[in-house]
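Visitor: got a predicted structure plus its sequence, pasted below:
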Amino acid sequence: MTPIETPRPPDFENLLAILRRETPSRPTLFEFIGSPMVMLGENDEGADRDRRLLQSFRCFFENGYDFAPLPPGLAGLLDFERGERHMEASVSQNEGGLIKNAEDFESYQWPDPPDAAYDRLDEWAKVLPDGARFIGFSPGGVLENLTDLVGFEDLCLMLADDPELVARIVDGIGSCLHAHYERLLEHESVGATVVNDDWGFKTQTMLSPAHMREFIFPWHKKIVELIHQSGRPAILHSCGNLSAVWDDIIEDIGFDGKHSYEDAIQPVEEAYATYGDRIAIIGGLDIDFMCRESPEAIRRRSRELLDLSREKGGYALGTGNSIAPYLPRESFLAMVQIGLE
């Protein structure tokens, strides 16, 4: 394996500076995940796993990012067994639950990937350009996997009928995720982490803030403490309206950065003004905006975001969620153009 070519020399220290709420030496790009068809203009869906993993790294380095995310599925790392669900453009959160009672819980096979899967990270590190790092993340978070394993409606009933079982399931998920991050952090090539777990929708959190604090946040706090003990920062990727739990995110759990914004909930400019003194604000160009507006409008808003954060720092340019496969390639390139200026 050889290092991937880049349009400018990567410098991961820029992202680390942003996560310390400092000003980077130059504009810095950030995305969590992205479509190869949009980012590269090509797709290797039919290729083997290694070729698709390499392509996912190229998506980032060939566009001037200082890092590449490390997809746990493509890398053969942690994954949870799930039931079958009907999936098209969307998917039901009620289908496919495998744990409905204590007996199901006792028989569920919790994942335990072999050490060899994580050892391969040292081989993949050979594709990193000088100055670049991987960012590790997980196959969903505590709440997402809880919803998948139980089903959302059944979870709501279980919270009322058998909260002790909910706690046992959460501990099973949290233990697996904690072990996953612990193994990732053994590798020097992993320079930071994303802790990804969608907590909300347009108007509120998926569960009540009280239930989030009782069941979901404690394991996030343990994972963030583990990440910080390794000397790395932790970025929360979480969609939805989290207005009721921002203080938990910053003060209690201790995340260094927050990613995922939507104009209909809170424009990223407002989030930066409100929270930017306490946590790094990552990405934020609304996906609907990116799909509907002209490349010139995207370039203009990208410049304005960089100007807004030029003195105070603590901001990386990117979309509000991800480079979705339906996002026009010219819109993505317009944003990246400003990040590379």
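Guide: Looks like it arrived, so ask away. Numbering: from 1, shown residues only.
Visitor: the helix or strand harbouring L177 - what's its average pLDDT?
Guide: When elements are assigned from DSSP states H and E, L177 belongs to helix 163-184. Here helix 163-184 scores 98 as its mean pLDDT.
Visitor: output the contacting helices and strands for that helix.
Guide: On a contact count with 3 or more CB pairs under 8 Å, 6 or more residues apart in numbering; DSSP states H and E, helix 163-184 meets helix 102-107, helix 115-124, helix 142-150, helix 152-161, strand 190-196, helix 217-229. From N, CA and C alone the C-beta is placed, and that goes for glycine too.
Visitor: if you set the cut-off to 10 Å instead, what comes out?
Guide: helix 102-107, helix 115-124, strand 133-136, helix 142-150, helix 152-161, strand 190-196, helix 217-229 (3 or more CB pairs under 10 Å, 6 or more residues apart in numbering; DSSP states H and E).
Visitor: who are the neighbours in contact with F215?
Guide: For F215, the contacting residues are 142-143, 146, 155, 159, 163, 166-167, 169-171, 174, 207, by CB atoms under 10 Å, 6 or more residues apart in numbering.
Visitor: ok, so of these, who is nearest A116?
Guide: G174 (24.2 Å; CB to CB).
Visitor: hang on, G131 in a helix?
Guide: No - applying DSSP: H, G, I helix; E, B strand; the rest coil, one finds G131 to be coil, outside a helix.
Visitor: skipping adjacent residues, who's closest to it in space?
Guide: Distances taken as CB to CB, 6 or more residues apart in numbering put P10 closest to G131, at 4.3 Å, once the chain neighbours are dropped.
Visitor: how many neighbouring residues does that neighbour have?
Guide: 24 (other CB atoms under 10 Å).
Visitor: ok, residues contacting stretch 290-298?
Guide: Contacts to stretch 290-298, defined as CB under 10 Å, 6+ apart, come from residues 285-286, 289, 299-301, 319-321, 323-324, 326-328, 330-338.
Visitor: give me the PyMOL select line for the residues you listed, limited to the buried ones.
Guide: This is the PyMOL syntax for the buried subset of these, where burial follows 16 or more other CB atoms under 10 Å:
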select buried, resi 285+286+289+299+301+319+320+321+323+327+328+331+332+333+334+335+336+338
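Visitor: from the contacts of stretch 290-298, which land in helices?
Guide: 289, 299-301, 330-338 (DSSP state H).
Visitor: how about those residues in CSV, adding pLDDT and distance to G131?
Guide: Output for these, formatted as CSV (pLDDT from 0 to 100; distance: CB to CB, whole Å):
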residue, pLDDT, distance to G131
F289, 99, 31
R299, 99, 26
R300, 99, 30
R301, 99, 28
E330, 98, 28
S331, 99, 28
F332, 99, 23
L333, 99, 23
A334, 99, 25
M335, 99, 22
V336, 99, 18
Q337, 98, 21
I338, 98, 21
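Visitor: just give the closest residue to A17, not the sequence neighbours.
Guide: P24 (4.8 Å).
Visitor: now do the contacts for the one you found.
Guide: Counting by CB under 10 Å, 6+ apart, P24 has contacts 11, 13-18, 66, 309, 313-316.
Visitor: what's the distance between the residue of the chain positioned farthest from its centre and L157?
Guide: Largest separation from the mean C-alpha position in the chain: E103, at 32.6 Å (CA atoms, centre = their mean). Distance of E103 to L157, given as CB to CB, to the nearest Å: 17 Å.
Visitor: what does K202 give?
Guide: Counting by CB to CB, the gap from K202 to L157 is 23 Å.
Visitor: what of E304?
Guide: 46 Å.
Visitor: cool, and F80?
Guide: Taking CB to CB, one finds F80 at 21 Å from L157.
Visitor: likewise A271?
Guide: 34 Å.
Visitor: for P10, same thing?
Guide: Counting by CB to CB, the gap from P10 to L157 is 49 Å.
Visitor: go on, S331?
Guide: From S331 to L157 the distance is 42 Å (CB to CB).
Visitor: for the stretch 151-300 of the chain, which residues score under the pLDDT cut-off?
Guide: Within the stretch 151-300 of the chain, no range satisfies pLDDT under 70.
Visitor: now K312: closest residue in space that isn't a chain neighbour?
Guide: Looking at K312 with CB to CB, 6+ apart, the closest residue is G276, at 6.4 Å.
Visitor: related to what we said a few turns ago, quick one: the residue nearest to A17 is in a strand?
Guide: No - P24: not assigned to a strand; according to three-state DSSP it is coil.
Visitor: ok, now how distant is it from T203?
Guide: Counting by CB to CB - P24 and T203 are separated by 34 Å.
Visitor: also V127?
Guide: Where T203 is concerned, V127 sits at a distance of 42 Å (CB to CB).
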